[in-house]
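1. Need coordinates for the following:
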Amino acid sequence: MSGVMGWLPYAVAGWILLVGLYGLATSRNLVHTVGCLAVAQSSTYVLLLAVGYRSGGTAPVYSDAEPGTPVVDPVVQALVLTDIVVGATVTALLLALVIQIRKRHGTVDPERLTELKG
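-> Okay, here's the model as predicted:
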């Protein structure tokens, strides 16, 4: 990658991360906080795909590729799929915890959860 297209995916990943972190810092609702965490974590998908991208590369199916043909790195694609599964699992677990907090304390506002302060 060269020129603008060389750094653009990294800038997009950074922007997505900053939006998620801004939401985390300003959130007054635990459900919103979990959503912002998921947005911040999704920036890693873009970053990993940018790292594994190869200009002019084809899908990593080697049975029909000519020798010397550039291919996209399949390891990075597998890492992104793993990252998506882990992110969905963490989000589901955090939302389940938020539901339990709402049931026990009657609120999802972090400022009103006085019983949890140490």
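
2. quick one: buried residues of the longest helix seen in the chain?
-> Taking DSSP state H as the criterion, the chain has its longest helix at helix 74-105. For helix 74-105, burial by neighbour count (16 or more other Cβ atoms under 10 Å) applies to 76, 79-80, 83, 87, 94, 98, 101. In short, each C-beta sits where N, CA and C put it, glycine included.

3. Which elements pack onto that helix?
-> helix 30-52 (3 or more Cβ pairs under 8 Å, 6 or more residues apart in numbering; DSSP states H and E).

4. Quick one: low-confidence residue ranges for the protein.
-> Residue ranges of the chain with pLDDT under 70: 1-5, 62, 65, 115-118.

5. Just give me the residue closest to the centre of it.
-> Ser42 (1.6 Å; Cα atoms, centre = their mean).

6. Ala13 is in contact with that one, correct?
-> No: Ser42 is not in contact with Ala13 according to Cβ atoms under 8 Å; the separation is 9.2 Å.

7. Next, count neighbours for the nearest residue to the residue nearest to the centre of the chain once chain neighbours are set aside.
-> Counting by Cβ to Cβ, 6 or more residues apart in numbering, Ile16 is the residue found nearest to Ser42 once chain neighbours are left out, at 6.3 Å. Using other Cβ atoms under 10 Å, Ile16 has 19 neighbouring residues.

8. circling back: format the buried residues of helix 74-105 as TSV; extra columns: distance to Pro60.
-> Shown next, in TSV, are these (distance: Cβ to Cβ, whole Å):
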residue	distance to Pro60
Val76	10
Leu79	13
Val80	13
Asp83	18
Gly87	23
Leu94	34
Val98	39
Ile101	44
